[in-house]
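Novice: mind folding the following:
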Amino acid sequence: MDGQSLRSLFTGIYLETQEILACALLTDEDPQPKAIDNQKSSPFFTLLPPEIRNRIYELAFQSTYRYSKPYDRNQMFYRPDFEYARRTNISLLQTCQLAYAEASLIPPAINKHTFWYHGAPPGIRNSNSPVSYFRDMRWEQCAVVQHLHFFGQQYWLDSDSFSRVCHTIYRIGVAPKKISLTLRHSEWAKWDWSYIDSFGIDTFQEGHISPHNMPMEQQQQPTVDDRCWGFHFHQIPSLEVVEIEFEARMRKKAQIDDIAQRALTWKFRHHDQEEGYYLVVDRSKTKVSTWIGIKEGLLKRRTRRRRTLPAWVVHPVGHTGASNDDKSKDGATIETAGSQKREVDPEIEEEYYIVSMTWEKQRECAG
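Specialist: Numbering: from 1, shown residues only. So this is what the prediction gives:
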C-alpha cells in the first residue's frame, strides 16, 4: 500500500470516528441495550490488525498534562512530573460499543495510579484511600492495574498504615506488578529533636530510627518481623518491581547518599520466597537527579479539596485542549548528568536532590 492510499485510509478512519462520536454525544441514550455491531463497514476494524489498533488505543489513552491547569509552585505536591494536573481522555471509548469492548481495560492498565498520604494536589478524589479509589472501577479494570505510586511521610511508612495498604490492595482485586514509594524532602521523620537536621531509615528495624542506629553496609537478610515496613511487600503476590525515591535538600546530599549506599544491601521478602524469589536491588537502575523548587520553608502545607472525578480519568466533554505553547514558565527544572543548570534564586528557591533505586524479583540459587 503506497503513501497516498495510507493517507486516504487514515483520513477515512478519522472522519468516521468523528461522525460516530458526534452521534453518540447528540443522541439520547437508548434504554434498551443493543447487540454489539461488528463494524464490517469500518476500515479501523476491518483493515487494521488488532496489534495496530491496540497501539492506537495505548497512545490515545496515555495520561497527559493539562497545560491549562498548572500547579502552584508554592505547594508541596509540585515537583518533577507533577507540574500540571493530568488527564486521561476516554472519548474514543464513546465512539461505539466494539471500541469499548476492545479497549475499556487499557486506560487503567497503562497509566500509573498515584496516592498521596500527605500534601495531595487539589481536585483528586480518594487520594489517600485505595479502597475508595478502586471502588469506582469494575473488577476487570482493577485486575489489570500495573503500577501504584505512593507519596507518604516516613511516619506513615514506619507505622502499620503501609502494611494495611499492602494487605488491602490485593484483597480488593488489584494485582500490581510495580510499586513506587517517594519520600519527599519535607516528609522525613524528625523523631528526636537532637537530630533535627539528620534523618535515618531502615527497612529491617521497627519504627523511626536515628541515623546513628542505621545498620552498617552489609548484606541484610529479609526481615520476618511484621512490624517492619519492608516485610509487607510479600503480601502482594503479583509484585515484580519496587522503586523507592529518596529526596532531600541539596545541603543534605551526603545523608541521602549514605542512606542509598546502605539501601544497596536491602533485600525484600517476596510472596514466592519458598521458591527462592526475593526483591533484590538492581544497581544498574539507580538514578540520581536534581531539581530547582521553592524553598522548603516557603511551601504551603495544606490544600483545599473538592469533589471531582477519579484521578485516573477526566471526562472529555467540554474540555478545551491546550498546546505546549500554553506551558507555564515555572515548570520544575530537572537536572541530570550532562544537562545545563540554571541559576537558583536564593531568595525563594533551592535545589533538591533525588536518588531513585529499583528492586526486582529474582530467584537466588541455593549455596
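Novice: only C-alpha atoms for contact and neighbour calcs from this point on.
Specialist: OK.
Novice: so what sits opposite His149 in the bridge?
Specialist: Thr114, Ser180 (DSSP bridges).
Novice: OK, contacts around His149?
Specialist: By C-alpha atoms under 8 Å, 6 or more residues apart in numbering, His149 lies in contact with 112-115, 179-182.
Novice: go through these and name the one nearest Glu274.
Specialist: Ile179 (21.7 Å; C-alpha to C-alpha).
Novice: my guess is the closest one contacts Phe151, does it?
Specialist: No: under the criterion of C-alpha atoms under 8 Å, Ile179 makes no contact with Phe151, lying 11.1 Å away.
Novice: separation between Trp188 and Ile169?
Specialist: 25 Å (C-alpha to C-alpha, to the nearest Å).
Novice: for Ser198, which three-state class applies?
Specialist: Reduced to three states with DSSP: H, G, I helix; E, B strand; the rest coil, the structure at Ser198 is coil.
Novice: burial count for it?
Specialist: Residues contacting Ser198 under the criterion other C-alpha atoms under 10 Å number 17.
Novice: looking at this protein, which helix or strand does the model trust least?
Specialist: Ranked by mean pLDDT, DSSP states H and E, the helix or strand of the chain with the weakest confidence is strand 333-335, at a mean of 48.
Novice: next SSE downstream of that one?
Specialist: Note on strand 333-335: by DSSP states H and E, the next helix or strand toward the C-terminus is strand 349-363.
Novice: what packs against that following strand?
Specialist: Counting by 3 or more C-alpha pairs under 8 Å, 6 or more residues apart in numbering; DSSP states H and E, the packing neighbours recorded for strand 349-363 are strand 241-249, helix 253-263, strand 277-281, strand 287-294.
Novice: with distance to Cys228 and mean pLDDT as extra columns, can I get the ones you listed in a markdown table?
Specialist: Output for those, formatted as a markdown table (distance: least, C-alpha to C-alpha, whole Å; pLDDT from 0 to 100):
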| stretch | distance to Cys228 | mean pLDDT |
| --- | --- | --- |
| strand 241-249 | 16 | 96 |
| helix 253-263 | 15 | 92 |
| strand 277-281 | 16 | 94 |
| strand 287-294 | 26 | 95 |
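Novice: Arg135: neighbour count?
Specialist: By other C-alpha under 10 Å, neighbour count at Arg135 equals 11.
Novice: and it, how far from Ile169?
Specialist: Distance from Arg135 to Ile169, by C-alpha to C-alpha: 11 Å.
Novice: how about the helices in this protein?
Specialist: Ranges of helices in the chain, per DSSP state H, are 3-26, 43-46, 50-61, 97-103, 106-110, 130-135, 139-143, 154-158, 161-171, 253-263.
Novice: got a list of contacts for the third one?
Specialist: Helix 50-61 has contacts (C-alpha under 8 Å, 6+ apart) with 44-45, 88-90, 92, 103, 106-107, 110.
Novice: sorry, back to before: would you turn the helices of the chain into a markdown table with distance to Tyr67?
Specialist: Putting the helices of the chain into a markdown table (distance: least, C-alpha to C-alpha, whole Å) gives the following:
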| stretch | distance to Tyr67 |
| --- | --- |
| helix 3-26 | 24 |
| helix 43-46 | 30 |
| helix 50-61 | 17 |
| helix 97-103 | 26 |
| helix 106-110 | 20 |
| helix 130-135 | 25 |
| helix 139-143 | 27 |
| helix 154-158 | 31 |
| helix 161-171 | 32 |
| helix 253-263 | 32 |
